[in-house]
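# requesting a structural model of the entry that follows:
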Amino acid sequence: MKKILCVDDEMDVLLILKTALSEDYEVSTAGNGIDAIALVDDLRPDLVILDMMMPEMDGIQTLRELRQTDAGADVPVLFLTGVSDKEVKRQALDLGTSYYLTKPFDYNDLISKVEIAIKSADSDFP
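Predicted coordinates:
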């Protein structure tokens, strides 16, 4: 079963994601970027779903740190955030984010992006 690490400081969002994804994926959660970085080498996720606005370390900082880990160097990252600022979105995409969805999100759109990101990572094509 493919593994997804969901990172968000809002526990209700983590609960929604875990409920939506746990039928088809092994879902782990972290309440902030620091905890996510600490978990990623042990978990070896196939996808990270990452919030932008978090205390201590925002999503961009978390993504930069994630890319410095063995398990996170190439893992697909899907931003799921309330931040719709185009400059922030550009930064995330420049750092190799697979998708950028804004909250509130469409359930079917999320599931579709998750499936595509994981399948793309499994293939020989970017």
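
# now the residue most central in space within the chain: which helix or strand?
Residue closest to the mean C-alpha point of the chain, counted by CA atoms, centre = their mean, is residue 49 at 1.7 Å. Assigned by DSSP states H and E, residue 49 belongs to strand 47-50.

# same check on residue 28?
Residue-wise, residue 28 maps onto strand 26-30 under DSSP H and E.

# give me the contacts around the helix or strand following that strand.
Later in the chain than strand 26-30, the nearest helix or strand by DSSP H and E is helix 33-43. When contacts are defined by CB atoms under 8 Å, 6 or more residues apart in numbering, helix 33-43 is touched by residues 3, 5, 7, 28, 30, 48, 50, 54, 56-59, 61-62, 65-66, 69-72, 75. Where C-beta positions appear, they are placed from N, C-alpha and C, glycine not excepted.

# using PDB, write out every CA atom in the helix or strand of the chain with the lowest mean pLDDT.
Within the chain, no helix or strand scores below helix 86-94, which has a mean of 88 by mean pLDDT, DSSP states H and E. The C-alpha trace of helix 86-94 is given here as PDB (Å, rounded to 0.1, in the frame of the first residue of the first chain):
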ATOM      1  CA  LYS A  86       0.500  33.800  -7.000                       C
ATOM      2  CA  GLU A  87       4.100  34.500  -5.900                       C
ATOM      3  CA  VAL A  88       3.900  31.800  -3.100                       C
ATOM      4  CA  LYS A  89       2.400  29.400  -5.600                       C
ATOM      5  CA  ARG A  90       5.300  30.100  -8.000                       C
ATOM      6  CA  GLN A  91       7.900  29.500  -5.300                       C
ATOM      7  CA  ALA A  92       6.300  26.200  -4.400                       C
ATOM      8  CA  LEU A  93       6.200  25.100  -8.100                       C
ATOM      9  CA  ASP A  94       9.800  26.200  -8.500                       C
END
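
# so which elements touch it?
Contacts defined by 3 or more CB pairs under 8 Å, 6 or more residues apart in numbering; DSSP states H and E place helix 86-94 against helix 59-66, strand 99-102.
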